[in-house]
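> Return atomic coordinates for the entry below.
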Amino acid sequence: MYGMNERVAELARMMAGGDVAVLSGAGLSTESGIPDYRGPDGVQRRTAPMTYQAFTREPGSRVRYWARSHLGWRTIARASPNAGHAAVAALQRQGLLAGIVTQNVDGLHQAAGATGVVELHGSLDRVICLGCGEISARQELHRRLHAANPGFQARITAVHPDGDVEFGDDELAGFRTVDCVGCDGGMLKPDVVFFGETVPAPRVQECFDLVERSRLLLVLGSSLTVMSGRRFVIRAVKLGIPVAIVNRGRTRSDDQAALTVDAPLGQVLPALVHRLAGRRLTETLA
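Model prediction:
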């Protein structure tokens, strides 16, 4: 049975040839203070996430979402990249990565210095108008919501990685949403993919193309429970591209992986960077 050090050494060996595609999930951001969906024990969040259908068709659901997201944005906006994000950026600088796909909407890969990140599910720091399609900054919407709801607070009972929080519906009374200023009344939505909404086809194809030109698919911090991310593992396996998974707890694709590492990403990834840097130095001096 491999221990963590042996597994990291094996992962370094697998990655040494480069052309590694990274697929990251919510588990990579937990050490930045953003909880993941399930945690190591696989327990799901207590409330269902907002669906696109409810958001667009039900005014009450829209008010509930924006009230909770307004308070939750503070957690996302204040979060800083952790050692895992920094390690991924370091691997990219070392020239080992073919590309990075993230299921996260927190922007922490880019904040750590990674470039060319494909944000599969969008990003919370942008807002889109469903009427005119204009994209605007989330911070500006936050300012407008604050002005429309001065002093709004609630007793938060949970924070979620998709940027919202939980609190009682009795605390929603009087919360006001705001609309697009560009087209005078268009419905505003965070520029993220809600449940019940499809990821744009060109973005999905970009991810498939990345996997198909890679030599290894490295999954970081994802339980691979939903097909949105697991489809890339399925494609890699079908093409004979090995898959390595670093995650706290089991994933839905463990039996398809060439290697799994069940350990904190903030420990594994910096150790991996160190091993690969040392390996490259040794090869250069040889």
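> Could you pull up the residues touching the closest residue to S80 other than its chain neighbours?
Closest residue in space to S80, ignoring its immediate chain neighbours: S32 at 6.1 Å, by Cβ to Cβ, 6 or more residues apart in numbering. Just so you know, the C-beta spots here come from the backbone N, C-alpha and C atoms, and that holds for glycine as well. Counting by Cβ atoms under 8 Å, 6 or more residues apart in numbering, S32 touches A79, S80, P81, N82, H85, D106, L108.
> Buried ones from those, can you make that a PyMOL selection?
Selecting only the buried entries of those in PyMOL, with 16 or more other Cβ atoms under 10 Å as the criterion:
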select buried, resi 79+81+82+85+106+108
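> Please tabulate the contacts of S32 in JSON lines, including the columns pLDDT and secondary structure.
Listed next are those as JSON lines, based on pLDDT from 0 to 100; DSSP: H, G, I helix; E, B strand; the rest coil:
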{"residue": "A79", "pLDDT": "94", "secondary structure": "coil"}
{"residue": "S80", "pLDDT": "97", "secondary structure": "coil"}
{"residue": "P81", "pLDDT": "98", "secondary structure": "coil"}
{"residue": "N82", "pLDDT": "98", "secondary structure": "coil"}
{"residue": "H85", "pLDDT": "98", "secondary structure": "helix"}
{"residue": "D106", "pLDDT": "95", "secondary structure": "coil"}
{"residue": "L108", "pLDDT": "98", "secondary structure": "helix"}
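> and the residue most central in space within the chain, what does it touch?
By Cα atoms, centre = their mean, the mean C-alpha position of the chain lies nearest to N104, the distance being 1.2 Å. Neighbour list for N104: S24, G25, A26, L28, S29, E119, H121, P161 [criterion: Cβ under 8 Å, 6+ apart].
> what's the longest strand in the chain?
The residue-count maximum for a strand in the chain (DSSP state E) belongs to strand 122-129.
> Toward the C-terminus, what is the element adjacent to that one?
Toward the C-terminal end, the helix or strand that comes next after strand 122-129 (DSSP states H and E) is strand 135-137.
> Would you mind listing the buried residues in that next one?
S136.
> Who are the packing partners of the longest strand of the chain?
Contacts defined by 3 or more Cβ pairs under 8 Å, 6 or more residues apart in numbering; DSSP states H and E place strand 122-129 against helix 59-78, strand 135-137, helix 138-148, strand 188-192.
> tilt between it and helix 138-148?
Per axes from the mean of the first three to the mean of the last three Cα atoms, to 10 degrees, the angle that strand 122-129 makes with helix 138-148 is 60 degrees.
> what about strand 122-129, distance to the chain center?
Relative to its chain's centre, strand 122-129 lies at 14 Å (Cα atoms, centre = their mean, to the nearest Å).
> CA atoms only: put it into PDB for me.
The C-alpha trace of strand 122-129 is given here as PDB (Å, rounded to 0.1, in the frame of the first residue of the first chain):
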ATOM      1  CA  GLY A 122     -18.300  30.800 -15.400                       C
ATOM      2  CA  SER A 123     -17.300  33.200 -12.700                       C
ATOM      3  CA  LEU A 124     -19.000  35.000  -9.800                       C
ATOM      4  CA  ASP A 125     -17.100  38.200 -10.400                       C
ATOM      5  CA  ARG A 126     -19.100  38.900 -13.600                       C
ATOM      6  CA  VAL A 127     -22.800  39.600 -14.000                       C
ATOM      7  CA  ILE A 128     -24.800  39.200 -17.200                       C
ATOM      8  CA  CYS A 129     -28.000  40.800 -18.300                       C
END
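> can you give me the angle that strand makes with strand 188-192?
150 degrees.
> all helices for the stretch 101-250 of the chain, in order.
All helices of the stretch 101-250 of the chain, identified by DSSP state H, counting those that start in this stretch, fall at 108-111, 138-148, 201-212, 227-238.
> Return the alpha-carbon coordinates of the first one using PDB.
What follows is helix 108-111 as a C-alpha-only set of coordinates in PDB (Å, rounded to 0.1, in the frame of the first residue of the first chain):
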ATOM      1  CA  LEU A 108      -8.600  31.900  -7.400                       C
ATOM      2  CA  HIS A 109      -6.600  30.100 -10.100                       C
ATOM      3  CA  GLN A 110      -6.100  33.400 -11.800                       C
ATOM      4  CA  ALA A 111      -5.500  35.300  -8.600                       C
END
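> on contacts alone, who are the packing partners of it?
In terms of contacts (3+ Cβ pairs under 8 Å, 6+ apart), helix 108-111 is packed against helix 83-93.
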